[in-house]
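Undergrad: Provided below for reference: sequence and predicted model.
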Amino acid sequence: MKIQVYIVTLLSTCLLLASCQKELSGEFIAYPNNPMNDTVWSTSIKPTDAVNTIIGDVMPRVEVASLDLSLANSEIKVGGSDSCRLYFDKGIFVTIENGVSTPVKAEGTATIEIYRIRNTGDILRCMRPTQANGVLTETAGGFFIRILKDGKELSLASRQTYTAKWIEAGAEAKDDMRLLYAKESSPAPAYNAMDPNFEWKEDNTVGTKPIEVEDETINNKKCKVYKMVLSNFRWVSAQRNTSASSTSARLTTILSPNFTNKNTTVLAYYKKQKTVIKLDFAYSSRSFRTDFLPQGAEITLISLSKIGSNYYYGEKEISSLVAGTIAKIEPEKTSLAKIQDILNNK
């Protein structure tokens, strides 16, 4: 009898220890009555799938400023100590409804909403990767902007422009950055929602002319400042093509079966420049992959997942990418606050 009791006790202890190990491993783990049990991949992703809603959790609120429409010229400083300044002339706005453009009276106030892209973490949050016209790019920064009056989104009247000036975070301004706008779905989604049709497009009104860089003194410090003359709202970015090797290397990423294309997104970013790529899901192999990255790239892979009400984060560094790389990411359960901290330091 003592031997039987000892064996039962030993088995119970082993089971307890096993349950205390890291929650996720490379093996499939069945969780009774838990969404973790759903290991089925989908050939198409629904807007309500967790992979499409997690962006709304990680994105911060827009910064807000007020614009006096009656002023001949307005300078708006965004985000308090942020370097970004916006300049508007009087009488440049219209509303567009059912294809009809109506001038906005130069009176009252409008509300400016802006999300600033300052660093790599901001790109990872908004999940708008740096690639344009089929080419991998590097960004100096950018923003999402919209202007509202009486609940209506404003547009610029024909041939009207506004100006944005800002300092690149963590690097010197570069003299070969080009102006890009976004091609979006119609109707365009919110800034904190996924857009399957999102694509950066070069501004065709300026040709190949780079963004102007000015010398300014700000807070008694000499700075190189980007000066962007803009003819569109919503997504705006300063980008240039990467100078990396033109020889691409397929990168495939695998995760444990609990993580599917319905609950997980995988991105890769460069350590030494603001370049981010979003990996596509490969349904047949139950993996995520990309052919955009060049051989020799030093990158970090991250995975963001939401299963039920729980968040998971994984990360893997690759010091020099080679063709045919298969990388395994092992996400761990974490909190939304912890994910925000991680992205803040990217």
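TA: Structure received.
Undergrad: contact partners for the nearest residue to Thr290 once chain neighbours are set aside?
TA: Once flanking residues are discounted, Thr290 sits nearest to Leu279: 4.8 Å by C-beta to C-beta, 6 or more residues apart in numbering. (Each C-beta comes from the backbone N, C-alpha and C, glycine too.) For Leu279, the contacting residues are Leu251, Thr253, Val266, Leu267, Ala268, Phe288, Arg289, Thr290, by C-beta atoms under 8 Å, 6 or more residues apart in numbering.
Undergrad: and Leu279, how far is that from Val225?
TA: To Val225, Leu279 is 35 Å away according to C-beta to C-beta, to the nearest Å.
Undergrad: what's the spacing between the nearest residue to Leu230 once chain neighbours are set aside and Val236?
TA: Closest residue to Leu230 apart from its sequence neighbours, by C-beta to C-beta, 6+ apart: Tyr162 at 5.6 Å. According to C-beta to C-beta, Tyr162 and Val236 sit 10 Å apart.
Undergrad: what sits in contact with each of those two?
TA: Joint contacts of Tyr162 and Val236 (C-beta under 8 Å, 6+ apart) are Leu230.
Undergrad: what's the first helix or strand after the helix or strand harbouring Lys165?
TA: If you go by DSSP states H and E, Lys165 is part of strand 162-166. As assigned by DSSP H and E, the chain's next helix or strand after strand 162-166 is strand 178-183.
Undergrad: any idea of the mean pLDDT in that next one?
TA: Mean per-residue pLDDT for strand 178-183: 95.
Undergrad: what segments of the stretch 151-300 of the chain are strands?
TA: With DSSP state E, counting those that start in this stretch as the definition, the stretch 151-300 of the chain shows strands at residue ranges 152-153, 155-156, 162-166, 178-183, 199-202, 212-218, 221-230, 234-241, 251-254, 264-270, 276-278, 280-282, 287-290, 299-307.
Undergrad: for Glu63, find the nearest of the ones you listed.
TA: Taking C-beta to C-beta, strand 162-166 is the member of the strands of the stretch 151-300 of the chain nearest to Glu63, at 12.9 Å.
Undergrad: just checking: what are the partner strands of the closest one?
TA: Strand 162-166 has its sheet partners listed here by DSSP bridges as strand 85-89 (antiparallel), strand 221-230 (antiparallel).
Undergrad: hmm, who's touching the longest one?
TA: With C-beta under 8 Å, 6+ apart as the test, strand 221-230 has contacts from 83, 140-141, 161-168, 172-173, 177, 179, 211-218, 236, 238.
Undergrad: just the C-alpha atoms of that strand, please, in CSV.
TA: The C-alpha coordinates for strand 221-230 follow below in CSV (Å, rounded to 0.1, in the frame of the first residue of the first chain):
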residue,chain,number,x,y,z
LYS,A,221,20.6,73.5,-31.3
LYS,A,222,21.4,73.3,-35.0
CYS,A,223,19.2,70.7,-36.7
LYS,A,224,18.6,69.2,-40.2
VAL,A,225,14.8,69.4,-40.8
TYR,A,226,12.7,67.7,-43.4
LYS,A,227,10.4,70.1,-45.2
MET,A,228,7.5,68.3,-46.9
VAL,A,229,5.1,70.2,-49.1
LEU,A,230,2.0,68.0,-49.1
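Undergrad: which parts of that strand are buried?
TA: Val225, Tyr226, Met228, Leu230 (16 or more other C-beta atoms under 10 Å).
Undergrad: quick one: which of those residues is nearest Ala157?
TA: Once C-beta to C-beta is applied, the member of the buried residues of strand 221-230 that ends up nearest Ala157 is Leu230, at 13.5 Å.
Undergrad: least reliable of the strands of the stretch 151-300 of the chain going by mean pLDDT?
TA: Mean pLDDT, when computed for each of the strands of the stretch 151-300 of the chain, is lowest for strand 212-218, at a mean of 89.
Undergrad: remind me what it packs against, helices and strands.
TA: If you count contacts as 3 or more C-beta pairs under 8 Å, 6 or more residues apart in numbering; DSSP states H and E, strand 212-218 packs onto strand 221-230.
Undergrad: quick one: pLDDT of Asn204?
TA: We have a pLDDT of 77 for Asn204.
Undergrad: got the phi/psi numbers for it?
TA: Main-chain torsions, Asn204, degrees, to the nearest 10: phi -80, psi 0.
Undergrad: fine, thanks again, bye for now.
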